[in-house]
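[1] Just the structure for this:
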Amino acid sequence: MTAKVQMYPGDKIRFLTDLLRKQINLRNQIESRANIAIGFSAAILAFVSNGLIQERINASMTIITTASTLSILSGLLALKPPKFLSRKAREQSVFYHTAITKKSEADYLLQIRKICDSEEEVVRQYTLEVYNLTRHSIRFKKFFSNLSIQILVIGLIGGVIATQI
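    Residues are numbered from 1 along each chain as shown. Just a heads-up that it's a prediction; the model follows:
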C-alpha cells in the first residue's frame, strides 16, 4: 500500500511542467539525432556519388548509395511523420498550436482563464498535452530516427564487406 504524498500549492503544476518539458526535450533530442543522420548520410552520398559519376560503379558504392538515400528518407520521416501515422488526437490541449491559431486573442485568453480557475482542468490539459505529444509524435519520430541510423550503419558495414569480396 502506498502512502499519500502531501502536495503543496503549485506542486502539481511544477510536476506536470517538468513532465511536459521532459517530453519536449526528448522530442528535440530525437529530431537532433535525425538531423545528424541526415547530414552524415548526405555527406556520404555526395562523396560516393562522385565515384559513381567517374564510372567506378561497383557493389560497394551501390550498397552505400542506396543505404544513404534510404537513411535520408527515413530521417526526413522522423522530422515530419506522415499524417496517417500520427493521427490527430481526439482532443487537443490548449497548448496545441491549432488550439491557439483558431481563436482570437480574447477567446484564447478567456479559455485559459476558465482552465486556470480549476486545478483539475489544468491537470487534465497538461496530461492531455503530454499524452498527445508522446503517443502521436514522439513514438513515430523515434522509430524513424532509429531506423535512419540503423540503415546507415548497416549500409556502411555492407559496403565495407562488399569491397572485401
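[2] Would you check how far apart residue 113 and residue 25 are?
    In this view, residue 113 and residue 25 are 29 Å apart by Cβ to Cβ, to the nearest Å. Yep, even glycine has a C-beta here, placed from its N, CA and C like the rest.
[3] Residue 76 is in contact with residue 41, isn't it?
    No: between residue 76 and residue 41 there is no contact under Cβ atoms under 8 Å: 10.2 Å.
[4] tally of neighbours for residue 49?
    Residue 49 has 15 neighbours, counted by other Cβ atoms under 10 Å.
[5] Off-centre distance for the strand or helix carrying it?
    Assessed by DSSP states H and E, residue 49 sits inside helix 11-53. Computed by Cα atoms, centre = their mean, to the nearest Å, the chain-centroid distance of helix 11-53 equals 7 Å.
[6] same for it, what does it pack against?
    helix 59-79, helix 119-133, helix 139-164 (3 or more Cβ pairs under 8 Å, 6 or more residues apart in numbering; DSSP states H and E).
[7] lowest-confidence stretch among those?
    Averaged per stretch, pLDDT over those is lowest on helix 119-133, reaching a mean of 88.
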